[in-house]
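>>> My questions are about this predicted structure, shown below with the sequence.
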Amino acid sequence: MRSSVTILAALVPFLIGPSPVLAQDAPVPAGALALERSLVQVAQRVEDSVVAIARYQVPGSTPSPNPSDVPPTVDPDHPDFIPNEYGTGIVVSDPGDTTRRLILTCFHVVTGPPVAAGQNPTHKLHVRFSNRRGCPAKILAADPRSDLAILELSPTDLEQAGLQARSLKPLNINATPLPPKGRFVLLLGNPFAIARDGSASVGWALISNTRRHAVTPGNRPGTEHSIHRLGTLLQLDKRLRHGTSGGPVLDLNGRLLGLTTALTPHDGIDTPAGFAIPLDKPITRIINTLRKGLEVEYGFLGVQPDDVSTGQLAGYSGEFDQSGAARAARVFRGSPAERAGIRSGDLILAVDTEPVRDRYELMRHVELVGPGRELAIELWRETTRRRVHVKAKLGKWPLPDRSGMVASKRRHPTWRGLDVDYPTGRRRFVPDSFEFPRAVVVTAVQPGSSAAESGIEPGDFIESAVGQRTETPADFFRVVNSRRGGVSLKLLDGRQVTLTP
């Protein structure tokens with residue numbers, strides 16, 4: 001197939017066009033016809049994998065202030081049905097069950113206000129396929145930091161809708177390099193809920209830029225910690241309409257490059273640009289984690305970074321071939337950074353040979369790879385006037401309790417009434433000093449369990465089991481899962497307890 005650049009070059013005279021007098025007699029350029037064929041073929045091949053998503057309010061969940069109000073139609077299959085919120089999604093496979101299908105979309109499309117424990121949900125989700133059939137959907141896993149979510153479809157609901165999972169064609173989730181500026185792409189979506197009959201609308205765009213920073217509203221859970229503020233997004237030369245979030249971004253071969261996200265402009269200022277979440281290696285890791293129903297974990301180094309500009313960099317005694325760097329303004333005690341040998345005042349120049357020119361690049365390199373990963377970090381230490389190379393094994397970024405994260409499965413089953421996490425796994429258990437204990441933190445204790453009877457409570461730290469260090473959940477479960485009798489635990493506060501089966 002001809003490259004998009006060649007096709008577009010041939011298309012330019014067609015778009016400009018000859019004079020009106022000659023237009024009727026002018027032949028259509030071959031490049032324009034080839035481009036048209038590519039667009040039609042990709043749209044036909046992919047549209048069955050694109051769904052319209054509706055989020056609507058459950059009748060009676062919110063009393064109307066006016067008793068005479070006529071309730072809106074809430075049957076998603078009714079022609080007059082208008083959802084409260086809407087968006088787009090794509091069909092993907094279930095990595096644990098090839099007979100099941102899942103829906104990948106954006107977090108903000110499917111999540112509303114948080115529901116208190118014990119309360120019934122106020123909204124439901126419904127997906128519509130290209131054959132006009134639809135069925136309910138539920139959130140399998142959702143991650144506010146990446147603005148991504150996975151929906152699951154009940155086999156019973158599919159059957160009642162006259163659908164079979166094997167008839168739903170999934171798109172492949174494969175990590176791809178960031179597309180170059182100028183790449184021609186095809187977009188499918190549900191603008192203004194116009195595709196709620198299941199027929200996705202088609203558009204096109206150019207990749208205007210990469211590594212763009214998100215501009216997100218402050219009223220959504222987790223937006224202050226969005227990974228897209230760190231420069232992850234593709235910029236498109238097309239303004240994305242409400243409802244297009246979660247739609248596929250495809251090249252002219254039909255390869256999935258990313259997922260559109262209609263971000264809200266800052267301060268109400270309109271923008272002609274659209275954005276997409278790229279399907280690069282870090283985002284693919286996140287999607288695959290969500291497809292398993294698990295919480296997405298992010299890496300944590302344990303430094304408070306600030307920016308070093310070009311002018312500031314010139315004030316150091318070293319020679320640097322980059323425009324800026326990140327400085328470790330503070331290194332937290334016991335953190336992976338301190339244990340690796342990073343000191344306050346060190347300049348961080350590169351991570352895994354990738355240059356670090358500001359704090360956001362440092363945070364992106366660290367956070368997106370996840371905990372447990374070992375990174376090679378290049379430093380400049382002004383006190384010794386030399387470059388230093390260290391390796392740091394990352395911890396876990398602390399998750400706020402009200403982040404909006406949804407995970408239907410756990411990485412490790414509850415053991416004798418205990419759930420544990422990285423010492424910084426939950427923000428409420430992180431001390432104000434941000435000191436990193438060399439232990440796992442207890443996040444939950446089941447009432448009546450052996451753990452509860454021993455006096456262990458959420459927020460306690462376990463530093464060893466049967467005399468072996470337990471600094472990560474993997475360490476802890478590797479030790480205890482092989483034990484059948486009583487298991488002795490040592491807590492960070494000095495207590496010794498023994499848990500029985």
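Nice, thanks for sending it over. Numbers count the residues shown, from 1 in each chain.
>>> can I assume Thr284 sits in a strand?
No - counting by DSSP: H, G, I helix; E, B strand; the rest coil, one finds Thr284 to be helix, located in no strand.
>>> buried sites along stretch 125-143?
In terms of neighbour count (16 or more other CB atoms under 10 Å), stretch 125-143 has its buried residues at 125-130, 134-137, 139-143. C-beta coordinates here come from the backbone N, C-alpha and C atoms, glycine included.
>>> again with stretch 250-262
In stretch 250-262, counting by 16+ other CB under 10 Å, buried: 250-252, 254-262.
>>> Spatially, which two of the buried residues of stretch 125-143 are the most separated?
Within the buried residues of stretch 125-143, Ser130 and Asp143 form the most distant pair, 27.0 Å apart (CB to CB).
>>> and stretch 464-471, what's its mean pLDDT?
Averaging pLDDT along stretch 464-471 gives 95.
>>> Show residues contacting it.
Here stretch 464-471 makes contact (CB atoms under 8 Å, 6 or more residues apart in numbering) with 423, 438-440, 462-463, 475-476, 479-480, 483, 487-490.
>>> Just among the residues you listed, which is most surrounded?
Counting neighbours by other CB atoms under 10 Å, the top entry in the contacts of stretch 464-471 is Val440, with 28 neighbours.
>>> Now for it: which residues touch it?
By CB under 8 Å, 6+ apart, the contact set of Val440 is 420-423, 461-462, 470-473, 475-476.
>>> Grab the nearest non-local neighbour of it.
Spatial nearest neighbour of Val440, chain neighbours left out: Val420 (4.2 Å); criterion: CB to CB, 6 or more residues apart in numbering.
>>> Could you tell me the backbone phi and psi angles at the one you found?
Here is the backbone geometry of Val420 (degrees, to the nearest 10): phi -130, psi 160.
>>> same question, Pro191
Here is the backbone geometry of Pro191 (degrees, to the nearest 10): phi -70, psi 130.
>>> what residue lies at the spatial centre of the chain?
Centroid check for the chain by CA atoms, centre = their mean gives Ser146 as the closest residue, at 2.6 Å.
>>> I'd like to check which residues are in contact with that residue.
For Ser146, the contact set (CB under 8 Å, 6+ apart) comprises 107, 226-228, 277, 283, 286, 296.
>>> Tell me the secondary structure at it.
Secondary structure assignment for Ser146 (three-state DSSP): coil.
>>> and it, how far is that from His225?
Ser146 sits 10 Å away from His225, going by CB to CB, to the nearest Å.
>>> Equivalent analysis for Pro355, please.
Counting by CB to CB, the gap from Pro355 to His225 is 24 Å.
>>> same thing with Arg411?
Arg411 sits 21 Å away from His225, going by CB to CB.
>>> quick one on the thing from earlier: could the contacts of Val440 go into TSV alongside secondary structure and distance to Glu159?
Listed next are the contacts of Val440 as TSV, based on DSSP: H, G, I helix; E, B strand; the rest coil; distance: CB to CB, whole Å:
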residue	secondary structure	distance to Glu159
Val420	strand	40
Asp421	strand	38
Tyr422	coil	41
Pro423	coil	46
Phe461	strand	48
Ile462	strand	46
Thr470	coil	46
Glu471	coil	47
Thr472	coil	42
Pro473	helix	38
Asp475	helix	44
Phe476	helix	42
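>>> Please enumerate the helices of the chain.
Remark: helices assigned in the chain by DSSP state H are 4-16, 30-46, 107-110, 155-160, 281-291, 310-314, 336-340, 359-367, 450-453, 473-480.
>>> Report the distance from the longest one to the chain centre.
Between the centre of helix 30-46 and the centre of its host chain there is 31 Å, according to CA atoms, centre = their mean, to the nearest Å.
>>> Name the residues of that helix that are buried.
The neighbour-count check on helix 30-46 (16+ other CB under 10 Å) flags 31-32, 34-35, 38-39, 42-43, 46 as buried.
>>> how about that helix as CSV, C-alpha atoms only?
The C-alpha trace of helix 30-46 is given here as CSV (Å, rounded to 0.1, in the frame of the first residue of the first chain):
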residue,chain,number,x,y,z
ALA,A,30,-5.0,8.3,-8.6
GLY,A,31,-3.6,9.3,-5.2
ALA,A,32,-7.0,10.6,-4.1
LEU,A,33,-8.7,7.4,-5.3
ALA,A,34,-6.1,5.3,-3.4
LEU,A,35,-6.7,7.3,-0.3
GLU,A,36,-10.4,7.0,-0.5
ARG,A,37,-10.1,3.2,-0.9
SER,A,38,-7.9,3.0,2.1
LEU,A,39,-10.3,5.0,4.2
VAL,A,40,-13.3,2.9,3.1
GLN,A,41,-11.5,-0.4,3.6
VAL,A,42,-10.3,0.4,7.1
ALA,A,43,-13.6,1.8,8.2
GLN,A,44,-15.4,-1.3,6.9
ARG,A,45,-12.9,-3.6,8.5
VAL,A,46,-12.9,-1.9,11.9
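>>> Buried residues, stretch 43-59. List them.
Residues of stretch 43-59 classed as buried by neighbour count (16+ other CB under 10 Å): 43, 46-57.
>>> Asp401: neighbour count?
By other CB under 10 Å, the residues close to Asp401 number 8.
>>> now swap in the one 3 residues further on and tell me
When counting by other CB under 10 Å, one arrives at 20 neighbours for Gly404.
>>> Look at it and report its pLDDT.
For Gly404, pLDDT reads 89.
>>> Please tell me I have it right and it contacts Asp147.
No - using CB atoms under 8 Å, Gly404 is not in contact with Asp147; the gap is 10.5 Å.
>>> Show me the common contact partners of these two, please.
Phe107.
>>> remind me, longest strand of this structure?
Determined from DSSP state E, the single longest strand within the chain is strand 201-212.
>>> From the contact counts, what lies against that one?
Judged by 3 or more CB pairs under 8 Å, 6 or more residues apart in numbering; DSSP states H and E, strand 201-212 is in contact with helix 30-46, strand 184-189, strand 233-236, strand 274-278.
>>> and the ones you listed as a markdown table, adding distance to Val369?
Shown next, in a markdown table, are those (distance: least, CB to CB, whole Å):
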| stretch | distance to Val369 |
| --- | --- |
| helix 30-46 | 30 |
| strand 184-189 | 27 |
| strand 233-236 | 18 |
| strand 274-278 | 16 |
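>>> By mean pLDDT, show me the worst of those.
Of all these, helix 30-46 carries the lowest average pLDDT, namely a mean of 89.
>>> now for that one, which elements pack on it?
Using 3+ CB pairs under 8 Å, 6+ apart, the elements in contact with helix 30-46 are helix 4-16, strand 184-189, strand 201-212, strand 248-250.
>>> Now do the contacts for Asn209.
Asn209 makes contact with 181, 234-235 under the criterion CB under 8 Å, 6+ apart.
>>> how near is Thr353 to Gly459?
From Thr353 to Gly459 the distance is 39 Å (CB to CB).
>>> One more: Gly318?
Relative to Gly459, Gly318 is positioned 44 Å away (CB to CB).
>>> now Trp415
Counting by CB to CB, the gap from Trp415 to Gly459 is 17 Å.
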